[in-house]
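Visitor: I would like to see how this sequence folds:
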Amino acid sequence: MAVIKFKDVRAGSATGDARAVADIRRPHFGWTMLESPRFLAEAGALALSWPLLFSAPRGDGHPVMVLPGFATNDAMTALLRRYLQMVGYDVFPWDLGWNLDQHSAGENGEHVARRIEEIAQKAGARVSLVGWSLGGVIAREAARREGPDGALRQVITLGSPFTGNPRATSLTSLYELLTGNKVSSNETSARYAQGHQPLPVPSSAIYSRTDGITAWENCVSGTDARTENIEVHCSHFGFVSNPAVFYAVADRLALPEGGWRPFEKAGPFAAFYP
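Guide: Residues are numbered from 1 along each chain as shown. As a prediction, the model looks like this:
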């Protein structure tokens, strides 16, 4: 049986225990059914708490590209992009249409790589990536290709299943239909097997144990001196509408280059971080 190793975030300690991929299950059906009403509630909370979001640290104007989730496009990240723009970043959509994995990002990620290079050259600075769901998987792969001396500054993922069990999602059949990828293939297994390894740039994986689309265990990384996992109370679609997520993203993006520090569960949304 294939295994992966990562820090046991449930225990809050680095146990180094191997976790069998088969032990990671798709979210409970009840959480999946609650995705729509929770998303609407989180959007309402975002509207009500909008002024509080501006207590987050201000940005330094560096470029940020936001990548949408599977089978969505830039419209789904419009609120998050607008907020990040308002707190001081030069924000860009991914501008590659609907996210259908390699059909959009390129067979070898070449379309995303070209987009990163375009933004870096235009802004004259390294680019931070914020990726929701599949967008975060693609963002992490881009960081591995770029390496520590590339055009990327940091990566933030939002409910992104980049490791663990590729079948532990509520959208397996739809994903296979629209992308042509088989989650049981050797290529997918290889993709997930290395996914937990820390990136060559600072990264934060924001995840929720009550995610109704993908298993939360698939969304956490191994950690090191500049890699972390941040738990939040959130639905899967709420990652692009939840005020606590927006605040955490702004807090992470505000870190200076070379001055990374772990996220502190404080501020007006502290209760949303278990």
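Visitor: Distance of the residue lying closest to T227 once chain neighbours are set aside relative to D23?
Guide: Spatial nearest neighbour of T227, chain neighbours left out: P198 (4.2 Å); criterion: CB to CB, 6 or more residues apart in numbering. C-beta coordinates here come from the backbone N, C-alpha and C atoms, glycine included. For P198, the distance to D23 (CB to CB, to the nearest Å) stands at 22 Å.
Visitor: So between those two, which is more surrounded?
Guide: Using other CB atoms under 10 Å, the more surrounded residue of P198 and D23 is P198, with 16 against 13.
Visitor: What's the per-residue pLDDT of that one here?
Guide: With respect to pLDDT, P198 has a value of 97.
Visitor: That one: what secondary structure?
Guide: coil (DSSP: H, G, I helix; E, B strand; the rest coil).
Visitor: Thought N229 was touching it, still the case?
Guide: No - using CB atoms under 8 Å, P198 makes no contact with N229, being 11.0 Å away.
Visitor: my read is E264 is in a helix, agree?
Guide: No - using three-state DSSP, the assignment for E264 is coil, not a helix.
Visitor: isn't F272 right next to G238, touching?
Guide: No - F272 lies out of contact with G238 (CB under 8 Å); the separation is 10.4 Å.
Visitor: Okay, buried residues for stretch 134-150 please.
Guide: Neighbour-count burial for stretch 134-150, counted by 16 or more other CB atoms under 10 Å, picks out 134-146, 150.
Visitor: Counting neighbours, go ahead and name the busier of F272 and G238.
Guide: G238 (28 against 20).
Visitor: Give me the pLDDT for that one.
Guide: On the pLDDT scale, G238 gets 97.
Visitor: how many neighbours does the closest residue to it other than its chain neighbours have?
Guide: Of all residues not flanking G238 in the chain, E42 sits nearest, at 4.0 Å (CB to CB, 6+ apart). Neighbourhood size, E42 [other CB under 10 Å]: 22.
Visitor: Show residues contacting the helix or strand where E42 lies.
Guide: Per DSSP states H and E, E42 falls inside helix 35-49. Under the contact criterion CB atoms under 8 Å, 6 or more residues apart in numbering, helix 35-49 has outside partners 79, 212-213, 234-238, 241-243, 246, 268-269.
Visitor: mind running it again at 7 Å?
Guide: G212, I213, S235, H236, F237, G238, S241, N242, P243 (CB atoms under 7 Å, 6 or more residues apart in numbering).
Visitor: got it, and stretch 215-223?
Guide: 6-7, 9, 24-27, 159-161, 163-165, 168, 196-198, 203, 205, 207-209, 227, 229.
Visitor: Strands - which of the residues you listed land there?
Guide: Mapping the contacts of stretch 215-223 onto strands (DSSP state E) picks out S203, A205, Y207, T227, N229.
Visitor: those strands in the protein, which residues are they?
Guide: 3-5, 18-20, 63-67, 90-93, 127-132, 152-158, 203-207, 227-231.
Visitor: Pull the fourth one out as PDB, backbone CA atoms only.
Guide: Presented in PDB, the C-alpha positions along strand 90-93 are these (Å, rounded to 0.1, in the frame of the first residue of the first chain):
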ATOM      1  CA  ASP A  90      -1.100  44.500  -7.800                       C
ATOM      2  CA  VAL A  91      -3.600  41.700  -8.400                       C
ATOM      3  CA  PHE A  92      -4.000  39.700 -11.600                       C
ATOM      4  CA  PRO A  93      -6.500  37.000 -12.700                       C
END
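Visitor: these two touch, right, A105 and A113?
Guide: No - between A105 and A113 there is no contact under CB atoms under 7 Å: 8.9 Å.
Visitor: The two: which has the busier surroundings?
Guide: Ranked by neighbour count (other CB under 10 Å), A105 and A113 place A105 first, with 25 against 18.
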